[in-house]
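# just to be clear, the model below is a prediction. Sequence and coordinates:
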Amino acid sequence: MRILYLSQYFPPEAGATQTRAYEMASNWVRLGHSVTMLTEVPNHPSGIISPEYRNKLSQRDNLAGIDVLRLWVAASPKKSFRSRMAFYLSYMFHAAWAGIFEPGNFDLIYASSPPLFVGGAALAISYLRNIPLAFEVRDLWPESAVALGELKNQRTIQLATRLEEACYHRAQMIVTAANGMRERLIERGLPSSKVHLIDNGANTELFRFDNPARLRLRKELNLADKFILAYTGIFGLAQGLEVVIEAAEALRSSPHIHFLLIGAGPKRTDLLQMAAERNLPNLTILPEKPREEIPGYLSAADAAVIPLKDLPIFRGVVPSKLFDAWACERPVILGVDGEARRLLQEANGGLFFAPENPQALADAAVQLAAVPAGDRLEMGKNARKLTVERFSRRSQAEHLASLLESCLASIKR
């Protein structure tokens, strides 16, 4: 297949979206397919364009055999509603223009949302070049943005909903990242035969337990004798990381339990200020790290902590961080109810705490720290086994490629 892939976010930017796009595309290349990626110039989440990409409308790179066309966007470190709209819309118009005039023939457009405006670009290309569209839904937008308070203007919500529905209508195939999202779209009237599930997952070759890194990093961080709970990823609105800082404050009297937060994002400054005001000796916040270093930091931890806001829409979400931690044989303290909680219990891969409840997180941390090390090790090994068997990015990419080929074959018939 010759695939035109639209993802606003892509490596070297770090994050779940970027990782999913890269690992799907690179595995498709490995399978013999051709992939052209339309993405933004690297800037996320800081909003500052990397120096080597400044003052350019576009730049073409090759990453693991993927033909990457990086496009200028109106990036800004100020995250107001206006600046966000300029950011999203500049990508939409630039990607639409680039995709319409990109030379060569494509069998399929694969567009990943959110941002939903990626779908706007994909629609324009699909209609004007008469190319079939597969639309990936990693988050139900604008529904989740309304729930988080990011979108309040009714006119904007109506327009975004129309764009969302236009993408569903045009797409020959819809891919969701969690079963709860698939069920929600079917409830909204989409035929079940059109909506397919490709779960979040982990690169199980990259993410695995690394004992030398564990020993080195625990020594470097001066945490060799601590029970470390690590969070690695975006410091965003949805994560509700304030619960971790409040739990650390509740555990001042348990200094052997230490929280380690690694990442960047729009809430980082607020979280740093919140931590500084409390002067917590059992909390360390580190800058964002390259993805290839994350398995080492997860290995250095005794468990991972994964929170989300307590919102009904997140009950159909399974964070990719869950599989990264399990691939590194780390049990998880999970603050996500619904589908993710059920999977945690099925895998016996850690403990659940009530979302946005600091005391519940503190209690779960104490409980897991008291579990014998051998039992925690067994918990982690079982979770990795499940991840390798059911949530490997390699096998997911192969399955998705097969679905796309079947979709194209049915169109030709």
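Right, received. Where do you want to start?

# what is the closest residue to residue 244 other than its chain neighbours paired to in the beta sheet?
Leaving aside its chain neighbours, residue 244 sits nearest to residue 259 (5.5 Å; criterion: CB to CB, 6 or more residues apart in numbering). In this view, the C-beta of every residue, glycine as well, is placed from N, C-alpha and C. Note on residue 259: beta-bridge partners by DSSP bridges are residue 229, residue 283.

# any regions of the chain where pLDDT drops low?
148, 413 (pLDDT under 70).

# circling back to that earlier point, my read is that the residue nearest to residue 244 contacts residue 248, right?
Yes. At 4.9 Å, residue 259 and residue 248 qualify as touching, with contact defined as CB atoms under 8 Å.

# quick check: neighbours shared by the two?
With contacts defined as CB atoms under 8 Å, 6 or more residues apart in numbering, the residues shared by residue 259 and residue 248 are 282, 283.

# one step back: and the residue nearest to residue 244, how many neighbours?
By other CB atoms under 10 Å, the residues close to residue 259 number 25.

# what of residue 105?
8.

# for it, helix, strand, or coil?
coil (DSSP: H, G, I helix; E, B strand; the rest coil).

# give me the nearest residue to it, chain neighbours excluded.
Nearest residue to residue 105, sequence neighbours excluded (CB to CB, 6+ apart): residue 2, at 6.4 Å.

# and the one you found, how far from residue 175?
18 Å (CB to CB, to the nearest Å).

# higher neighbour count, those two?
Per other CB under 10 Å, whichever of residue 2 and residue 175 has more neighbours is residue 175, with 22 against 13.

# residues contacting the residue nearest to the more buried one when sequence neighbours are not counted?
Closest residue in space to residue 175, ignoring its immediate chain neighbours: residue 136 at 4.4 Å, by CB to CB, 6+ apart. By CB under 8 Å, 6+ apart, residue 136 lies in contact with 110, 111, 112, 113, 174, 175, 176, 177, 198.

# circling back: in the sheet, who's paired with the residue nearest to residue 105?
Bridge pairing for residue 2 - DSSP bridges - gives residue 34.

# wait, residue 75 touches residue 91, no?
No. Counting by CB under 8 Å, residue 75 sits too far from residue 91 to count as a contact (9.6 Å).

# hey, what's in contact with both of the two?
Common neighbours of residue 75 and residue 91, counting by CB under 8 Å, 6+ apart, are residue 40.

# between those two, which one's more packed in?
Per other CB under 10 Å, whichever of residue 75 and residue 91 has more neighbours is residue 91, with 27 against 20.

# quick check, that one in a helix?
Yes. Under three-state DSSP, residue 91 falls within a helix.

# show me where the protein has its strands.
Here the chain has its strands, by DSSP state E, at 2-6, 34-40, 58-63, 66-71, 108-113, 133-137, 173-176, 195-197, 227-232, 257-262, 283-286, 303-307, 332-335, 350-352.

# mind listing what residue 18 touches?
Contacts of residue 18 were listed using CB under 8 Å, 6+ apart, and they are 7, 9, 10, 11.

# so how far is residue 1 from the nearest residue to the first one once chain neighbours are set aside?
I take that to be residue 7. Excluding its sequence neighbours, the residue lying closest to residue 7 (CB to CB, 6+ apart) is residue 21, at 4.0 Å. To residue 1, residue 21 is 16 Å away according to CB to CB.

# tell me which of the two has more neighbours.
Neighbour count, other CB under 10 Å: between residue 21 and residue 1, residue 21 has more, with 27 against 16.

# am I right that that one is in contact with residue 37?
Yes. Counting by CB under 8 Å, residue 21 does reach residue 37; the two are 7.3 Å apart.

# overlap in contacts, those two.
Jointly contacting residue 21 and residue 37 under the rule CB under 8 Å, 6+ apart are 5, 7, 10.

# want to throw these into TSV with distance to residue 280?
Below are the shared contacts of residue 21 and residue 37 laid out as TSV (distance: CB to CB, whole Å):
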residue	distance to residue 280
5	42
7	37
10	35
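
# related to what we said a few turns ago, which one of the contacts of residue 18 is nearest to residue 397?
residue 7 (14.1 Å; CB to CB).

# that closest one - how many residues pack around it?
25.

# that'll do, ta.
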